[in-house]
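Engineer: here's a sequence, model it:
(chains A and B)
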Amino acid sequence: MSQVTHGTSYPSNKKSFSNKLRKNYIGWLFILLSVLGISLFYFYPMVQAFILSLKSGMGANLEFVGFENYARLFNDPTFISALTNTFIYLLVQVPAMIILALIFSVLLNDSTLKFRGFFRTAIFLPCVTSLVAYAVIFKYLFAVDGLVNKFLMDLSLISEPLDWLADPFLAKITIIIAITWRWTGYNMIFYLSALQNVDKSMYEAARIDGASSIQQFFYITIPMLKPIILFTSIVSTIGTLQLFDEVMNITNGGPGNATLSISMYIYNLSFEYTPDFGYAATVSYVIVILVVILSFIQFKVAGDRK
Amino acid sequence: MKKVKRIFTYLFLSIASIISIFPFLWMLVSMTNKSVDVTQGKLLPGTHFIENVKGLFNTVDIGTALINSTIIAVITTFLTLLIGSLAGYGFEIYRSRGKDMIFNILLLSMMIPFAAIMIPLYRFFGGVSASVPFLGIDTLAAAILPTVITAFFIFFFRQNTKMFAKELVEAGRIDGLSELGIFFRIYLPTMKTTYAAAAIIAFMNSWNNYLWPLVVLQSPENQTIPLLISNLGAGYSPDYGLIMTAIVIATLPTAIVFFVMQRHFVAGMMGSVKG
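Structural biologist: The predicted model follows:
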């Protein structure tokens, strides 16, 4: 997280030592609850999840198996599908959404454009829905007799209804379209506010030099927005790695396991199949490792282009 | 050439806006139609609204779900704001090397995927069930507790505290206020906008939360709105008019908050990058 670094100017007043000590002690009281809470509900469970990942068995009968669960991952076709699906979502959905959001924000940043407020509000609106609510709506929109098929047939783009949710490829597309619908406006708002801080004279200078709007986009907008693009792509990556609500409510992981996400597999292992908490914890550690690796790579990639 | 570009811009943004708004219009229209009409693709308002609402209250216990969701969201928002702002204030006003280090460690928890801690948390509350029944599995308290304290809100309040005039703290001390008194009497009233933005985000997160309630709340009388909608949607012969009514009811609180407090709403969403 890039926001972690602060200037290091610590308060150094000339008050008596005991007074300072007392204030320091009160300061710790202010943060005490949060430190305890995050330790109890985040860090301690993380340690427990790791210990759990070294055990196997059904329900409460767990026994220590070492790293056997981790080896099992490689021979588990369901896990491999879930991992592949998650990567497909990551590689297709995150870049598509970020590019779309960038285009919207650049178009809406033009102060001569009419109905800017309307367009901005409209594109942002999907953010007010709960994930479950919009997932159910998309499930119906993309049903065989749903409105999407009706619309595409009216436009003569397809001759007979597509079975969006029963076809492994189309089901993935449906999930990707749904997530993009929900989150593009959210990312756009970040870019719009960052664009307001970009010096307008840079664009003017570029225009005088004869740069087209596409060149301006690649040579001014993208470099200027790099920190915020990095931030949003890390947030989106972490979000996609944890994808659950949409898959659960639109396709329930199907057809077969064609849309299953890692989080949903963990849920199934723990609460749908015969509970195997040990192996579920192992799978959950894969997400942890992926979050760390992918965030690191994104930092590196963004850092190198400086 | 420039005019053509303009027309394309308007066309593109109009299509994007229609796609963004359409599901909302569809759910509003479908709320007033019979299930058959919805499946036949009727896009005009009907007269079945009252029947849908009645049907909804007769078939599922949406009243209880609304009460549960409200209780959970209100308590979560209150505690999140209180504990988060105390910590954000503490980290910034009583700054020290030790606290800065702890702050950075706490921030790491933002990278922890919920799926990774879900099972230990479930087992933890399962263990608590036997000795402290009101806090165990299938209680609203268990649905609330792990979601209350998050690094995001500590970070959010710390960032905003940077803009708070520190002289006010000194002034409070000279006036003889206690340290906690300064926080409640000076800091809290001056930071109203920050609290408003945080409240919106905390309320929305809690109102829309799905995975943890799904894991921890099992009996129908503890159902929340997202769980109810998910169950309705998973049915084999869904009554579309009825489900759309439920979805509109679920979306209403957050939509109202958005339209009434748009400025705070956006400020809240962006809170993490400001400052």
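Engineer: my guess is B:F153 contacts B:A202. True?
Structural biologist: Yes - taking contact to mean CB atoms under 8 Å, the distance of 6.9 Å between B:F153 and B:A202 places them in contact. All C-beta spots, glycine's among them, are computed from the backbone N, C-alpha and C.
Engineer: give me the common contacts of those two.
Structural biologist: By the contact definition CB atoms under 8 Å, 6 or more residues apart in numbering or on different chains, B:F153 and B:A202 are jointly contacted by B:T80, B:L81.
Engineer: any weak-confidence spans in chain A?
Structural biologist: By pLDDT under 70, the weakly predicted segments of chain A are A:1-21, A:59, A:303-306.
Engineer: any idea where the helices of the stretch 151-275 of chain B begin and end?
Structural biologist: Counting by DSSP state H, counting those that start in this stretch, the stretch 151-275 of chain B forms helices over residues B:151-161, B:167-174, B:179-182, B:188-190, B:192-208, B:211-216, B:225-234, B:240-260, B:262-270, given from the N-terminal end onward.
Engineer: okay, these, which one's buried deepest?
Structural biologist: Sort the helices of the stretch 151-275 of chain B by mean neighbour count, taking mean count of other CB atoms under 10 Å in any protein chain shown, and helix B:151-161 sits at the top with a mean of 23.
Engineer: who's in contact with the helix or strand containing A:R207?
Structural biologist: Assigned by DSSP states H and E, A:R207 falls within helix A:200-208. Residues from elsewhere that reach helix A:200-208 (CB under 8 Å, 6+ apart): A:Q215, A:Q216, A:Y219, A:I220, A:M224.
Engineer: out of those, which are inside helices?
Structural biologist: Assigned to helices by DSSP state H, the following of the contacts of helix A:200-208 qualify: A:Q215, A:Q216, A:M224.
Engineer: look up how far A:F217 lies from the nearest residue to the first one once chain neighbours are set aside.
Structural biologist: The shortest distance from A:Q215 to any non-neighbouring residue, by CB to CB, 6 or more residues apart in numbering or on different chains, is to A:A206 (7.3 Å). Separation of A:A206 from A:F217 (CB to CB, to the nearest Å) stands at 10 Å.
Engineer: likewise A:A302?
Structural biologist: According to CB to CB, A:A302 stands 18 Å off from A:F217.
Engineer: tell me which of those two has more neighbours.
Structural biologist: When A:A302 is set against A:F217 and neighbours are counted by other CB atoms under 10 Å in any protein chain shown, the residue ahead is A:A302, at 17 against 14.
Engineer: buried ones in the strand or helix carrying that one?
Structural biologist: Per DSSP H and E: A:A302 is located in helix A:277-304. Judged by neighbour count using 16 or more other CB atoms under 10 Å in any protein chain shown, the buried positions of helix A:277-304 are A:277-288, A:290-291, A:294-295, A:298, A:302.
Engineer: near chain B, from those residues?
Structural biologist: With CB under 8 Å from any CB of the partner chain as the criterion, the members of the buried residues of helix A:277-304 in contact with chain B are A:F277, A:A280, A:A281, A:S284, A:Y285, A:I287, A:V288, A:V291, A:S295.
Engineer: once you drop chain neighbours, what's closest to the fifth one?
Structural biologist: So that's A:Y285. If the residues on either side of it in the chain are set aside, A:Y285 comes closest to A:S53, at 5.4 Å by CB to CB, 6+ apart.
Engineer: and the contacts of helix A:200-208, which are buried?
Structural biologist: Among the contacts of helix A:200-208, the ones that count as buried by 16+ other CB under 10 Å are A:Q216, A:I220, A:M224.
Engineer: tabulate those residues (a markdown table), appending distance to chain B.
Structural biologist: Formatted as a markdown table, the entries for the buried ones among the contacts of helix A:200-208 read as follows, by distance: CB to the nearest CB, whole Å:
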| residue | distance to chain B |
| --- | --- |
| A:Q216 | 13 |
| A:I220 | 18 |
| A:M224 | 15 |
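Engineer: and chain A, what are its domains?
Structural biologist: Chain A breaks down by automatic domain parsing into domains covering A:10-68, A:73-304.
Engineer: reformat these as JSON lines; add distance to B:T254.
Structural biologist: Supplementary listing: those in JSON lines, determined by distance: least, CB to CB, whole Å:
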{"stretch": "domain A:10-68", "distance to B:T254": "25"}
{"stretch": "domain A:73-304", "distance to B:T254": "5"}
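Engineer: just name the most buried of those.
Structural biologist: With neighbours defined as mean count of other CB under 10 Å, the domains of chain A peak in mean count at domain A:73-304, which reaches a mean of 18.
Engineer: pretty sure B:L86 is touching A:W28, no?
Structural biologist: No - under the criterion of CB under 8 Å, B:L86 is not in contact with A:W28, lying 11.5 Å apart.
Engineer: compute the inter-axis angle for the helix ranked longest in chain B and helix B:167-174.
Structural biologist: The single longest helix within chain B, with elements called by DSSP H, is helix B:62-93. With axes from the mean of the first three to the mean of the last three CA atoms, to 10 degrees as the basis, helix B:62-93 and helix B:167-174 are set at 80 degrees to each other.
Engineer: which neighbouring elements make contact with helix B:62-93?
Structural biologist: Helices and strands in packing contact with helix B:62-93 are listed as helix A:17-38, helix B:97-108, helix B:140-148, helix B:151-161, helix B:192-208, helix B:225-234, helix B:240-260; criterion 3 or more CB pairs under 8 Å, 6 or more residues apart in numbering or on different chains; DSSP states H and E.
Engineer: angle of that helix against helix B:240-260?
Structural biologist: With the same axes, to 10 degrees applied, the angle from helix B:62-93 to helix B:240-260 works out at 30 degrees.
Engineer: quick one: helix B:62-93 to chain centroid distance?
Structural biologist: Here the centre of helix B:62-93 is set off from its chain's centre by 10 Å, with CA atoms, centre = their mean, to the nearest Å.
Engineer: any part of stretch A:42-51 near chain B?
Structural biologist: Yes - counting by CB under 8 Å from any CB, chain B is contacted by stretch A:42-51 at A:Y42, A:F43, A:Y44, A:P45, A:M46, A:Q48, A:A49.
Engineer: what would those look like in a markdown table with secondary structure?
Structural biologist: Formatted as a markdown table, the entries for the residues of stretch A:42-51 next to chain B read as follows, by DSSP: H, G, I helix; E, B strand; the rest coil:
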| residue | secondary structure |
| --- | --- |
| A:Y42 | helix |
| A:F43 | helix |
| A:Y44 | helix |
| A:P45 | helix |
| A:M46 | helix |
| A:Q48 | helix |
| A:A49 | helix |
